[in-house]
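In: can't give you the sequence, but here's the structure:
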């Protein structure tokens, strides 16, 4: 039991048979209504669990008692049948936990466009509920994995407030099957407006700062549940910092686990017109296949970095751009040394723009043949 | 001499030693000033030849006598030295051809950030000029290649007007070394405004409809030179149609020659709110690595197509989206048949959106391990 649930939360997972084998269904439970803030996909076709959860949060006043997550099937582009399937799952969870269906938060991840196996899910719910425990973090983190190679959990504790976060996704260019899920549980006591503001701040600096780019999926979800069981109301600043740290740890883990990745890349952008501009430049670099393949090949091809900066759409006032790998200057430096620096599991690139004081840190990974292999034949 | 130059044009190429071996310098010449329209890169750091050519077109009133193109070196991010290098090349061409330097149009493609070998280029110009001929299309088309596997030439003739076009680029996600070059020569007689309008129309439906996406490079250039030698002024409609056809042939050739590609993909978007919206949706699909790898793997994973449509940012009023490979429906169709259809050198996908009457055709290719291999180690 490495990661204990915060006060008032219990966690479980089961092998419901949605996938051929292994854990594929997870449940997060709060013994009291938890204030819930969420960032959903901006994709024009949100999946059924997202549509249903939106309704639920509206009618429950943004409170949640349970989060049910399945892997193996996205329940996306499934029409009315998909909506009914999601509602049936929520009803079964509500029945077993004796809460309202509107207090059930739903997520699905997996193949798009196939009917959700509702019967298998509902059949597994009673045993899921029976096995709920404060020590379920490990099984839950594995139940929500798809092409992830490692489970992703992060915990933090400060001033009597505990926080436990999970994420799923191995987003190279964007997460496989285009889905990134993350849940953060905390026993802090916070109103919805404060929680929502903290989450948006944290997500901008974490999940929106890895190479998810515009390509959000039909199922992307980041949620934070605050059940107040600690009785402590931290200051918004303290809480936001703690939440940002947990989200960044999870986001870095996703970038590090990028499909087929051999290297973890941190891009530090400095001297941009604003923080937002810095982030946009960082993301443009991070999603450039030419930059990512050059890093893979230890090729100090800095022209590709400059080109990506120039493609970001951010107007730069400064004439000067400097590039560094660790502290090695790239543009007029020793390319042999730079190539050696690139030959590492962890690559740190710094871009100095001399166009203001905006900064951002963005995380990504390299692009390899293995990525193609993983994605060329997923459904069949 | 398969492709003869239009009236009044002559063409040549040489091996100037910019690259380790092979043709790397090309010259297009008009015996009279040719009205010139151009679409340059939107990258924030345009290369020196583009900056110099912009000055030239301004001072020559958009007329050109010669186009000098080198491969092997982009002369980009080379600062003042790069500007001087470009001007020196133009001066040498002007001297040998007895025209004004401002009548010389310059392009470079290759590695970014290395000094242009001006001496080698200037030394080769006299012999380039001596070998100018109406039959130089073949050598010119090969001199501007970088990772292209085939030269790209297209010709058209209508109503006494001839047109000859060249392109360079093997743009998978975006062209390698981020550069796409194209030149169309015609003996039609047209004013600059008409020529410019025709070019913009044609480029939207050709080079902007392959997977070049937002990632334009420091050197991207499309130019059309009309020298009026035929004495014929075609109607703008006729000329635009002819130019669009030539540009589309060249653009398709670029998509077909995508780095590491095994398949050519045509995406037909129908029922969009507008033609522009249709093009944007088509481009979003065409640049999705998940769609491209699925096509490579013959995986009829239509969820990825839907997801890409949803990521385009285009608001759709219709609830219904239909997908077809040739005439095989994808969403409720026989996936085995769809998979067989994908197992082809030429894949045709149709997306019916039921949200209006906008249409577009976009071309791309699949994404393979070979792409990674080509790009992982380019400069070293």
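Out: Nice, I can see it. Being a predicted model, the structure only gives us computed values, none of them experimental. Numbering: from 1, shown residues only, chains lettered A, B, ... in the order given.

In: drop to CA atoms for contacts and neighbour counts, all remaining ones
Out: Will do.

In: how near is residue A:334 to residue B:259?
Out: Distance from residue A:334 to residue B:259, counting by Cα to Cα, to the nearest Å: 29 Å.

In: With neighbour numbers in mind, choose between these two.
Out: With neighbours defined as other Cα atoms under 10 Å in any protein chain shown, residue A:334 and residue B:259 compare such that residue B:259 has more, 30 against 12.

In: Confirm for me that that one is in contact with residue B:369.
Out: No. Counting by Cα atoms under 8 Å, residue B:369 is not a contact partner of residue B:259; they are 10.0 Å apart.

In: Just want to check the distance between the closest residue to residue A:195 other than its chain neighbours and chain B.
Out: Spatial nearest neighbour of residue A:195, chain neighbours left out: residue A:37 (6.1 Å); criterion: Cα to Cα, 6 or more residues apart in numbering or on different chains. Per Cα to the nearest Cα, to the nearest Å, residue A:37 is found 23 Å from chain B.

In: by contact count, what packs against the one helix or strand residue A:37 maps to?
Out: Using DSSP states H and E, residue A:37 sits within strand A:25-40. Applying 3 or more Cα pairs under 8 Å, 6 or more residues apart in numbering or on different chains; DSSP states H and E, we find strand A:25-40 packed against strand A:9-14, strand A:63-73, helix A:118-130, helix A:137-143, helix A:192-204, strand A:221-226.

In: That one vs strand A:9-14, what angle?
Out: Between the axes of strand A:25-40 and strand A:9-14, defined by axes from the mean of the first three to the mean of the last three Cα atoms, to 10 degrees, the angle is 120 degrees.

In: do the helix or strand just after strand A:25-40 and chain B meet at all?
Out: Where DSSP H and E defines the elements, the next helix or strand beyond strand A:25-40 is helix A:48-59. No. Helix A:48-59 lies apart from chain B when judged by Cα under 8 Å from any Cα of the partner chain; the minimum separation is 13.8 Å.

In: What angle do strand A:63-73 and helix A:48-59 make with each other?
Out: If you take the same axes, to 10 degrees, helix A:48-59 sits at 180 degrees to strand A:63-73.

In: Return the set of buried residues in helix A:48-59.
Out: Residues of helix A:48-59 classed as buried by neighbour count (16 or more other Cα atoms under 10 Å in any protein chain shown): A:48-54, A:56-57.

In: what about stretch A:13-28, average pLDDT?
Out: Stretch A:13-28 shows a mean pLDDT of 96.

In: What residues sit buried inside it?
Out: Neighbour-count burial for stretch A:13-28 flags A:13-19, A:23-28 (criterion: 16+ other Cα under 10 Å).

In: which residue ranges form the helices in chain A?
Out: Assigned by DSSP state H, chain A shows helices spanning A:48-59, A:79-97, A:118-130, A:137-143, A:192-204, A:236-256, A:275-286, A:289-296, A:302-311, A:335-342, A:369-376.

In: Give me the nearest residue to residue A:15, chain neighbours excluded.
Out: residue A:23 (4.0 Å).

In: Nearest to chain B: which residue in the stretch 101-250 of chain A?
Out: Per Cα to the nearest Cα, residue A:112 is where the stretch 101-250 of chain A lies closest to chain B, at 4.8 Å.

In: Tell me the spacing between that residue and residue B:134.
Out: Residue A:112 is 56 Å from residue B:134, by Cα to Cα.

In: more crowded one of those two?
Out: Higher neighbour count among residue A:112 and residue B:134: residue A:112, with 27 against 19, using other Cα under 10 Å.

In: Please give me every residue in contact with the more buried one.
Out: Residues near residue A:112 by Cα atoms under 8 Å, 6 or more residues apart in numbering or on different chains: A:73-78, A:177, B:302-304.

In: Check residue A:342 too.
Out: Residue A:342 touches A:295, A:298-300, A:325, counting by Cα under 8 Å, 6+ apart.

In: give me the subset of these touching chain B.
Out: Among these, chain B is touched by A:295, A:298-300 when using Cα under 8 Å from any Cα.

In: Make TSV out of these and add neighbour count.
Out: Shown next, in TSV, are these (neighbours: other Cα atoms under 10 Å in any protein chain shown):
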residue	neighbour count
A:295	28
A:298	20
A:299	23
A:300	27
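
In: any low-confidence regions in the stretch 1-150 of chain A?
Out: Scanning the stretch 1-150 of chain A for pLDDT under 70 picks out A:1.

In: Chain B contacts on that one?
Out: So the stretch 1-150 of chain A meets chain B at A:42-45, A:77, A:111-113 (Cα under 8 Å from any Cα).

In: ok, back up a step: residue A:313: which of the helices and strands packed on strand A:25-40 is closest?
Out: The closest of the helices and strands packed on strand A:25-40 to residue A:313 is helix A:192-204. By Cα to Cα, the value is 18.8 Å.

In: That closest one: which residues count as buried?
Out: Residues A:192, A:195-196, A:198-200, A:202-204 are the ones in helix A:192-204 that count as buried (16+ other Cα under 10 Å).

In: and the angle from it to strand A:25-40?
Out: Using the same axes, to 10 degrees, helix A:192-204 lies at 90 degrees relative to strand A:25-40.

In: ok, residue A:128 touching residue A:12?
Out: Yes. With contact defined as Cα under 8 Å, residue A:128 reaches residue A:12; the gap is 5.8 Å.

In: who touches both of the two?
Out: With Cα under 8 Å, 6+ apart, residue A:128 and residue A:12 have common neighbours A:26-27.

In: Give the residue spans of the stretch 201-350 of chain A that score low on pLDDT.
Out: Applying pLDDT under 70 to the stretch 201-350 of chain A flags the ranges A:212-216.

In: who does residue A:346 bridge with?
Out: residue A:264 (DSSP bridges).

In: hmm, back to that, farthest-separated two in the contacts of residue A:112?
Out: A:78 and A:177 (15.3 Å).

In: between the two, which one's more packed in?
Out: In this view residue A:78 and residue A:177 are compared by other Cα under 10 Å, and residue A:177 has more residues nearby, 28 against 18.
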